[in-house]
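Predicted coordinates and the sequence they were generated for:
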Amino acid sequence: MLEFIREPVRMLVKFIRKSSIQLIITVSFTFVTIMAMLFVGIALFNRFSADSEQNAKISTKQIADEISVNMDYYLKNMIYISSLLESNIKKDEDLPSSRILNQMEIVLSTRDDIVGLAVFTDKGDIAAKLPNFEVKGRANIKNQSWFKEAISNPDKVNISLPHVHNIFYGNHSWVVSLSKCVKYKKGNEEATGVLLVDMNFRSLDQLCQQTKLGNMGYIYIIDDKGNIVYHPQQQLIYMGLKQENIKNVLKESSGNFIETFDNKQRLVTVKTVKITGWKIVGIYYMDQIAATKKNLGTYAVLIIILGILFVIAISTSLSAKISKPIKELEKCMKLVEEGRFDVEINVEGEYEVVRLSKAFNLMVLKITNLMEQIVKEQEEKRKSEFNALQAQINPHFLYNTLDSVVWMIENEKNQEAVTMITALARLFRISISKGKNIITVKEELEHAKNYLIIQKVRYKNKFQFKMEVQEEVLNYSTIKLILQPIIENSIYHGIECSVDEGEIFIYAGIENDKLLLMVKDTGLGMNEELVENILLTEHRKSKGSGVGIKNVDERIKLCYGSEYGLKIESELEVGTTVKIYLPLYIE
């Protein structure tokens, strides 16, 4: 039984690992119920099978006992009548007497099961009889078996096998003859005779046929020698056909056994009648038990199928009710996983689920508060980093410009110095911008122009610059001081080291719905490896600010996000192009 259950359980556990809670509840509940139904069904079926055989044995034995008791009572009654007649015969002086005939008539009139009464002499002559039928001339009474038995066993009541009455004309009934040796007076002497009581065989037949052993079972009777006294197919027996295993029955005095007869198993129950030694044999066919088992099995399978369908319906309904709030909770958790923190779940149901939904709402609220706090802290951090970077750039501007002015004054280039100081004043006016870090594109371009003027004076005839600006971008907003560090790097690391006069091109326009500021030079350029690493690690030279391009890229990303910033293209001995992408907005 354990082997029968182990494999389905293993498959169920494997299935559960990959299934939803509703399916798990439904399948598990259904599986357990089916296993319980099968276990109970098989146990009950086996119990019923055993009880069916036991009940068949008990019922067959009870019927055999009942027939035995009835037959015993019936035969005792017949013996009592014969004894009563015998007693009266002894008292009469001679036969036939009117008193004996009157008693015989009373017996015949009150007992339908007695068809004839007669007294014979020991010579076989008739002494008294009723009904008053004529004795057949060729009937040899002395050779009759009942007569011989009575004469040879004078103290015993003899009961014959069923036979056709063959003594009197006009009477051909099937009878069982009871014979007994009697003494009567014949004149002054005591004579010996035989009392014959013919009992109608139909009485025995009715006793046996009133009982049924299933649909095919029956009762038959044999004597102690194996001769059949009664059988429901009596005519076949007298035709000489073998109908029963008499030898097996003769071995049993009382009890039952199972035998195979005509390729069929049947239960045989034997009960012995004490008075006659007859054996009452009950036959019960086991096929009927098998048919009953089959019908019960079919009925059980139908009940189990209906039960399974009912259990599936109930378990599906219950699992849906149990899993519905959990599914709602799972749905909300997926929304939170996708970044939706404005969800709130109000689940009604079992105590644990309600507690779980409240804990979920509390968790989402805490996550939301923590995220707001983190965003606020990050914003403060970005502002502080932005201000620190801005502060790092401003001294750099002043240092380079004043360095150029000192150089011009030392070389008595006063006009150039005035130009530079004027440009420097305008430069600082835009740099300060009343403390603002966001200015217009127009102001940023003006700042870049002043810076180029200052550097052009310093590097006279070293480079030329040109600016191309789309009119519609001038009023867009940008972080201030993002062009100047790039122009500075173009001069120090590109044009200054070049033998030929260089050119710096400044462009402002719109590209792919983004604000584009571009600085392009015709300097020495960079190799591919340096271009790839310039925004990852700081590239320093002996001249310049030391912060430059990487600083600008970090400021843009801190302010606008990672999708904006710098893109660098360069080729050795050709030049470098730096593109700055910013969002289109007006502050």
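Sure thing, it's come through. Residues are numbered from 1 along each chain as shown.

Any stretches of the stretch 201-350 of the chain with poor pLDDT?
203, 207, 209-212, 234-244, 341, 347-350 (pLDDT under 70).

can you map out the strands along it?
Taking DSSP state E, counting those that start in this stretch, the strands of the stretch 201-350 of the chain run over residues 218-222, 228-230, 254-261, 264-272, 279-285.

could you say which helix or strand contains residue 418?
For residue 418, the host element (DSSP states H and E) is helix 414-432.

Residue 466 too?
Secondary structure (DSSP H and E) places residue 466 in strand 463-469.

Which one, of the strands of the stretch 201-350 of the chain, ends up nearest to residue 450?
strand 264-272 (121.6 Å; C-beta to C-beta). Placement of C-beta: from N, CA and C, glycine included.

Got the phi and psi for residue 512?
When read as degrees, to the nearest 10, the backbone of residue 512 gives phi 50, psi 50.

Could you do the one 3 residues further on as well?
Note on residue 515: its backbone torsions stand at phi -80, psi 130 [degrees, to the nearest 10].

separation between it and residue 444?
11 Å (C-beta to C-beta, to the nearest Å).

Of the two, which one has the most company?
Using other C-beta atoms under 10 Å as the criterion, residue 515 and residue 444 rank with residue 444 on top: 24 against 21.

Go ahead and produce CSV holding the CA coordinates of stretch 557-569.
Coordinates of each C-alpha in stretch 557-569 appear next as CSV, following Å, rounded to 0.1, in the frame of the first residue of the first chain:
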residue,chain,number,x,y,z
LYS,A,557,25.4,64.6,-15.5
LEU,A,558,24.9,65.7,-11.8
CYS,A,559,22.5,68.4,-13.0
TYR,A,560,20.6,66.8,-15.8
GLY,A,561,21.2,63.0,-15.7
SER,A,562,23.4,60.4,-17.4
GLU,A,563,21.7,60.7,-20.8
TYR,A,564,23.3,64.2,-21.2
GLY,A,565,27.0,65.2,-21.2
LEU,A,566,30.0,65.2,-23.5
LYS,A,567,30.9,63.2,-26.6
ILE,A,568,34.5,63.5,-28.0
GLU,A,569,35.7,62.7,-31.5
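
got the buried residues for that stretch?
For stretch 557-569, the buried set under the neighbour-count rule, 16 or more other C-beta atoms under 10 Å, comprises 558-560, 564-566, 568.

what's around residue 140, how many residues?
10.

and the residue nearest to it when sequence neighbours are not counted, what does it touch?
What sits nearest to residue 140 in space, not counting adjacent residues and going by C-beta to C-beta, 6 or more residues apart in numbering, is residue 124, at 7.2 Å. Residue 124 makes contact with 140-142, 147, according to C-beta atoms under 8 Å, 6 or more residues apart in numbering.

same question, residue 448
By C-beta under 8 Å, 6+ apart, the neighbours of residue 448 are 467, 483-484, 487, 506.

Residue 141 now?
Taking C-beta under 8 Å, 6+ apart, one finds 120, 124-125, 147, 167 in contact with residue 141.

CSV for those, including secondary structure, distance to residue 63 and pLDDT?
Formatted as CSV, those follow (DSSP: H, G, I helix; E, B strand; the rest coil; distance: C-beta to C-beta, whole Å; pLDDT from 0 to 100):
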residue, secondary structure, distance to residue 63, pLDDT
120, strand, 38, 84
124, coil, 41, 80
125, coil, 44, 80
147, helix, 35, 84
167, coil, 35, 72
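
which of these has the most neighbours?
residue 120 (25 neighbours).

tell me the contacts of the closest residue to that one other than its chain neighbours?
Computed as C-beta to C-beta, 6+ apart, the closest residue to residue 120 that is not its neighbour in sequence is residue 194, at 4.7 Å. Going by C-beta under 8 Å, 6+ apart, residue 194 touches 119-120, 122, 146-147, 150-151, 179-182.

Tell me the bridge partners for residue 194.
Residue 194 forms beta bridges with residue 120, residue 181, as assigned by DSSP bridges.

now the stretch 1-150 of the chain, which segments are flagged as low pLDDT?
The low-confidence ranges in the stretch 1-150 of the chain, as defined by pLDDT under 70, are 1-22, 92-94, 136-139.

Break down it into its helices, ranges please.
2-16, 21-91, 98-110, 145-152 (DSSP state H, counting those that start in this stretch).

quick one: contacts of the shortest one?
Contacts with helix 145-152, where a contact means C-beta under 8 Å, 6+ apart, come from 120, 122, 124, 141-142, 156, 158, 160, 177, 179-181, 192, 194-196.

what's the answer for the third one, then?
By C-beta under 8 Å, 6+ apart, the surrounding residues in contact with helix 98-110 are 81, 84-85, 88-89, 92, 114, 116-117, 119, 128, 130-131.

Can you redo those residues as a markdown table, where the extra columns are neighbour count and distance to residue 264?
Below are the contacts of helix 98-110 laid out as a markdown table (neighbours: other C-beta atoms under 10 Å; distance: C-beta to C-beta, whole Å):
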| residue | neighbour count | distance to residue 264 |
| --- | --- | --- |
| 81 | 20 | 42 |
| 84 | 12 | 47 |
| 85 | 21 | 47 |
| 88 | 16 | 52 |
| 89 | 22 | 52 |
| 92 | 16 | 57 |
| 114 | 21 | 39 |
| 116 | 22 | 41 |
| 117 | 24 | 44 |
| 119 | 21 | 49 |
| 128 | 20 | 51 |
| 130 | 19 | 48 |
| 131 | 14 | 46 |
